[in-house]
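Colleague: starting from these lines, generate the structure:
(4 chains)
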2 protein chains.
Amino acid sequence: MFLGNNDVIEDIDETGGLDDPAPAREACTVLEALNRISGKWAIGILLNLSHGPVRFTELERSVPGISRRMLTLTLRNLERDGLIERTVYATVPPKVEYRGTEMAAELYASLKGLTAWAERHRDAIALSRDSYDREQLAAGTGEL
Amino acid sequence: MFLGNNDVIEDIDETGGLDDPAPAREACTVLEALNRISGKWAIGILLNLSHGPVRFTELERSVPGISRRMLTLTLRNLERDGLIERTVYATVPPKVEYRGTEMAAELYASLKGLTAWAERHRDAIALSRDSYDREQLAAGTGEL
DNA sequence: CAGGATCCAGTAGGATACTG
DNA sequence: CAGTATCCTACTGGATCCTG
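Modeller: Okay, here's the model as predicted:
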């Protein structure tokens, strides 16, 4: 969940490890995956790169709302993780192209499962939230 | 990515919508999914609840490193989204059980795709990071 | 036991001016 | 064009103390 430095999570099953069942280790692995695509923009960028090479400014436009800083930061981190490749053309004006790697393409495939899940349950979740919020509201006004 | 209030992302394809291709909307859907399981602890908790009902203090123990505050907050949000159910037993001392819903179980299945991806590429990613960091380091010392 | 309330630190992320 | 540098805010998450 960090954009900064920091290496993979090591402190999760360092504590226990004796009778700790599977969950902790499993969670760790999933988190490793999630940490690369977390952040507000990584997925939006990755998706845009799935169609072929894209230039910096194109990304800036096609990922609505992103700031220059976050675009740069996110691109750098994705590159560091080997999910995208950066190609600089020594022209004037400069031209830089980004494209997703094979790894990113595979990730994209996995993401479809999540997308499907989100679509299946989007309404149910919205309803759950509404009723939860209403209950909280009711409880609050009642107590005061 | 927020634990607090805030409703689903609406500002992502509000800007464009004219010639904006698929990516923005797709990203939005995926983000909706990710936003429910983001945060440092949600997945760890969900995984622990996949085996059956668990009590608060049990979770506190089986999710190593979590603080009381975050356990409570994360549980509340998962409950709000309908991913877990909370049952209070009016006993002394009080007893509260949490268990994952069917929705959560389905999510768990989708997560396996991500886990598999992470495991497949974990080494490649580590290598990519190492070489990236070395390059940056080399460039840095060279320029100064 | 199961939290709620409060205080505090670190980080993600936004805005924008500057540069090779 | 493709960034970098700087400043600033908001939110995540930790620690701790208090309560029904």
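
Colleague: poorly predicted segments of chain A, please.
Modeller: Within chain A, the set of residues satisfying pLDDT under 70 comprises A:1-22, A:142-144.

Colleague: and the strands in it?
Modeller: A:54-55, A:84-89, A:95-100 (DSSP state E).

Colleague: how about JSON lines for these, with mean neighbour count added?
Modeller: (Glycine included, C-beta is placed from N, CA and C.) Listed next are the strands of chain A as JSON lines, based on neighbours: other CB atoms under 10 Å in any protein chain shown:
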{"stretch": "strand A:54-55", "mean neighbour count": "17"}
{"stretch": "strand A:84-89", "mean neighbour count": "14"}
{"stretch": "strand A:95-100", "mean neighbour count": "17"}
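
Colleague: in chain A, which spans are helices?
Modeller: Residue ranges of the helices in chain A, as given by DSSP state H, are A:22-37, A:42-49, A:56-62, A:68-80, A:102-143.

Colleague: on that earlier part again, could I get the strands of chain A as TSV with distance to DNA strand C?
Modeller: Compiled in TSV, the strands of chain A are given as follows (distance: least, CB to the nearest atom of the strand, whole Å):
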stretch	distance to DNA strand C
strand A:54-55	13
strand A:84-89	11
strand A:95-100	10
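
Colleague: may I see those strands organised as TSV, with distance to residue A:62 added?
Modeller: Listed next are those as TSV, based on distance: least, CB to CB, whole Å:
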stretch	distance to residue A:62
strand A:54-55	7
strand A:84-89	15
strand A:95-100	12
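
Colleague: test my guess that residue A:48 contacts residue A:64.
Modeller: No. Look at residue A:48 against residue A:64 with CB atoms under 8 Å: they stay out of range, at 10.8 Å.

Colleague: and these two? which has more neighbours close in?
Modeller: residue A:48 (23 against 17; other CB atoms under 10 Å in any protein chain shown).

Colleague: distance check, residue A:85 against chain B.
Modeller: For residue A:85, the distance to chain B (CB to the nearest CB, to the nearest Å) stands at 10 Å.

Colleague: partners of that residue in the sheet?
Modeller: residue A:99 (DSSP bridges).

Colleague: does it touch residue A:96 like I think?
Modeller: No. Contact between residue A:85 and residue A:96 fails when scored by CB under 8 Å: they sit 10.9 Å apart.

Colleague: thinking again about what came up before, out of the helices of chain A, which is closest to residue B:53?
Modeller: helix A:22-37 (14.6 Å; CB to CB).

Colleague: single out the most deeply packed of the helices of chain A.
Modeller: helix A:42-49 (a mean of 25; mean count of other CB atoms under 10 Å in any protein chain shown).
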